[in-house]
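In: structure of the sequence below:
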Amino acid sequence: MRWEDNPSQFIQDIAKAYCERRPLYRPDVTYFKVGLKWLVFTLAVLGITKGVQMVLGMESVRDYLLGIWPQSATTRQALTHVWVLLAVLLLAWLMALRWFLIDCIQLYQHYASDEVRGRCILMPRCSEFAILALRKYGLVIGLYLTYVRIFKRCKGNIYRIEYPSLKH
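Out: Next comes the predicted model:
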């Protein structure tokens, strides 16, 4: 739900009362949990890479980049194999980057002081908004919505209740 830029005083009072009384969410996350998750993800991506290389009959990614193809493969087949491998790796790392950003935001939520986090006059808070946007819309659109929220909408003294939406 999104309020207009200049809400009535009644709506402003309701949003202010709601925003001032909400508790701070502290996720149960630690540096160890985040590091362990990233270790497991890195091992999984390496396993996916090795599996794709075995299916395509290549020794390593270096072989793709140097143009060393199996004797039975034509140049066109080899280039197709290169693009398949690179697409799989790119998608895996884009998903990982989204998860990494969410983990970093949750670390901020866990360790930031109440003073810093309590200044936000918007609902949900900007960190919660960023997590919602990244989960709902993915990396690119989620980062854009978060940017707009933090640098364009999060100004002044107007209390707002605003969830991630593509309708602005």
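
In: for the rest of this, base every contact and every neighbour count on C-alpha atoms.
Out: Fine.

In: below-threshold pLDDT in this structure: ranges please.
Out: In the prediction, the chain carries residues with pLDDT under 70 at positions 1-7, 18-22, 52-82, 156-159, 168.

In: repeat that for 80
Out: For the chain, the stretches flagged by pLDDT under 80 are 1-26, 28-30, 44-86, 88-89, 92-93, 117-121, 123, 153-163, 167-168.

In: now do the strands in it.
Out: In the chain, the strands defined using DSSP state E lie at 122-123, 160-161.

In: need those in TSV (columns: distance to I150 and mean neighbour count).
Out: Output for the strands of the chain, formatted as TSV (distance: least, CA to CA, whole Å; neighbours: other CA atoms under 10 Å):
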stretch	distance to I150	mean neighbour count
strand 122-123	10	22
strand 160-161	13	22
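
In: longest helix in the chain, please.
Out: Across the chain, the longest stretch assigned as helix under DSSP state H is helix 75-111.

In: buried ones in that helix?
Out: Neighbour counts over helix 75-111 (16 or more other CA atoms under 10 Å) mark 78-79, 81-82, 85, 89, 92-93, 96, 98-103, 105-110 as buried.

In: so for P27, which of the strands of the chain sits nearest?
Out: Nearest to P27, of all the strands of the chain, is strand 122-123, at 17.4 Å by CA to CA.
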